[in-house]
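**Student:** pasting the structure only:
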């Protein structure tokens, strides 16, 4: 049957309209047949024959005193009014058409809504689950093309990552030769400057490889005690001489442990680099977990708040790695947050400093697959 009648949007819409018309006509006919006899009007009684009168006499009847008041009023003229079953059938018809139209519009709009939600997920996460190929022929074809486009984007990103990773890896060999040759210089000051430049280039290569590795790495979803993880990060930073405090509590959540660890590491490192100390606040609200990391540094200008998430963008214009970093920390943190189905936002604290807020769903895997 599906081969004879294609499952298209036109076919579905046409079938709904035909079903609506047939249903309303059947209901209206049934109502008229059932209720019609109860509202039928009796025929008026025949008029009595007129009496013949002599010529010149009046035809006006002679009524006794008081008879006029007892005369019944003339019956109303209902010839131009519709019976009650007609109006009832019309109301039922309108109700059925409205319900079927609402149902049909919802069924037809559902694939488009799914495609819109899938496009939104793809914009946030290239590894988002593919859209289900169901529905009419047109929507199935659109979903198939959308999934094919997503696969091509993944392949292109993987090829780009492999290319950059190969270039970054190959650059280590000449850097190593330069370091060995610089050690043979008699000028110790020049040797120190060359060593510093080599260290900066090596750090940039390591950060680039880490960024590309995070883009292509596949992880499994696991339950994680977020409170314990924050305590471990704070203790590691305190052992290195930094001041880090943690407060708040949240239940375990389903997430990507590696991505979450790298996200928090970069946010904490960024806070300690610019603010000397970091205060971590953990809060659970409903089905989401919020992590705020506040530093006590100068903050970020409002017009640069969104640009700092771009790779290799730094607010410290001197390009000094020891004061400004490489410029990949926030980019890695944001991409990791998106892979976990969360969001990462920045805003300046009223008392000074910068607050980085990471919001994660407690069931991120289910949230990513929900349509």
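**Tutor:** In hand now; what should we look at? Not measured: the values here are computed from a predicted model.
**Student:** make it CA atoms for all contacts and neighbour counts henceforth
**Tutor:** Noted.
**Student:** which residues in the stretch 151-300 of the chain form helices?
**Tutor:** 172-182, 188-216, 226-239, 257-275 (DSSP state H, counting those that start in this stretch).
**Student:** Tell me which of those approaches residue 135 most closely.
**Tutor:** For residue 135, the closest of those is helix 188-216, at 32.2 Å, according to C-alpha to C-alpha.
**Student:** Would you indicate which residues of that closest one are buried?
**Tutor:** Within helix 188-216, the residues that qualify as buried by neighbour count (16 or more other C-alpha atoms under 10 Å) are 191, 194-195, 198, 200-202, 204-209, 211-212, 214-215.
**Student:** pLDDT value on residue 295, please?
**Tutor:** As predicted, residue 295 sits at a pLDDT of 92.
**Student:** That one contacts residue 273, correct?
**Tutor:** No: the pair residue 295 / residue 273 is not scored as a contact, 9.2 Å apart, by C-alpha atoms under 8 Å.
**Student:** Those two: which has the busier surroundings?
**Tutor:** Taking neighbours as other C-alpha atoms under 10 Å, residue 295 and residue 273 compare with residue 295 leading, 28 against 17.
**Student:** In contact with that one, which residues are there?
**Tutor:** 271, 272, 274, 275, 276, 277, 278, 279, 353, 354, 355 (C-alpha atoms under 8 Å, 6 or more residues apart in numbering).
**Student:** and which of these is nearest to residue 248?
**Tutor:** Nearest to residue 248 among those: residue 279, at 11.2 Å, using C-alpha to C-alpha.
**Student:** and the closest one, what does it touch?
**Tutor:** Applying C-alpha under 8 Å, 6+ apart, we find residue 279 in contact with 244, 245, 246, 292, 293, 294, 295.
**Student:** Over to residue 175?
**Tutor:** 198, 202.
**Student:** Kindly report the same for residue 140.
**Tutor:** With C-alpha under 8 Å, 6+ apart, residue 140 has these contacts: 133, 134.
**Student:** element containing it, please.
**Tutor:** helix 137-170 (DSSP states H and E).
**Student:** Could you give the average pLDDT over that helix?
**Tutor:** Average pLDDT, helix 137-170: 81.
**Student:** Could I get the buried residue list for it?
**Tutor:** Those would be 139-140, 142-144, 146-147, 150, 157-158, 161-162, 164-165, 168, for helix 137-170 by 16+ other C-alpha under 10 Å.
**Student:** quick one: which two of the residues you listed are the most distant?
**Tutor:** Pairwise distances across these peak at 42.9 Å for 139 and 168 (criterion: C-alpha to C-alpha).
**Student:** Go ahead and confirm residue 284 touches residue 253.
**Tutor:** No: counting by C-alpha under 8 Å, residue 284 does not reach residue 253; the two are 10.5 Å apart.
**Student:** neighbour count winner among those two?
**Tutor:** Ranked by neighbour count (other C-alpha under 10 Å), residue 284 and residue 253 place residue 253 first, with 20 against 17.
**Student:** beta partners of that one?
**Tutor:** Listed beta-bridge partners, residue 253: residue 224 (assigned using DSSP bridges).
**Student:** That one contacts residue 225, doesn't it?
**Tutor:** Yes: in this structure residue 253 lies within contact range of residue 225 using C-alpha under 8 Å: 6.8 Å.
**Student:** By mean pLDDT, flag the weakest helix or strand of the protein.
**Tutor:** Of all helical and strand segments in the chain, the minimum by mean pLDDT, DSSP states H and E falls on helix 321-324, at a mean of 50.
**Student:** Which helix or strand lies directly C-terminal to that one?
**Tutor:** Counting by DSSP H and E, the next helix or strand C-terminal to helix 321-324 is helix 329-339.
**Student:** low-confidence ranges in the stretch 51-200 of the chain?
**Tutor:** Where the stretch 51-200 of the chain drops to pLDDT under 70, the residues are 51-86, 124-125.
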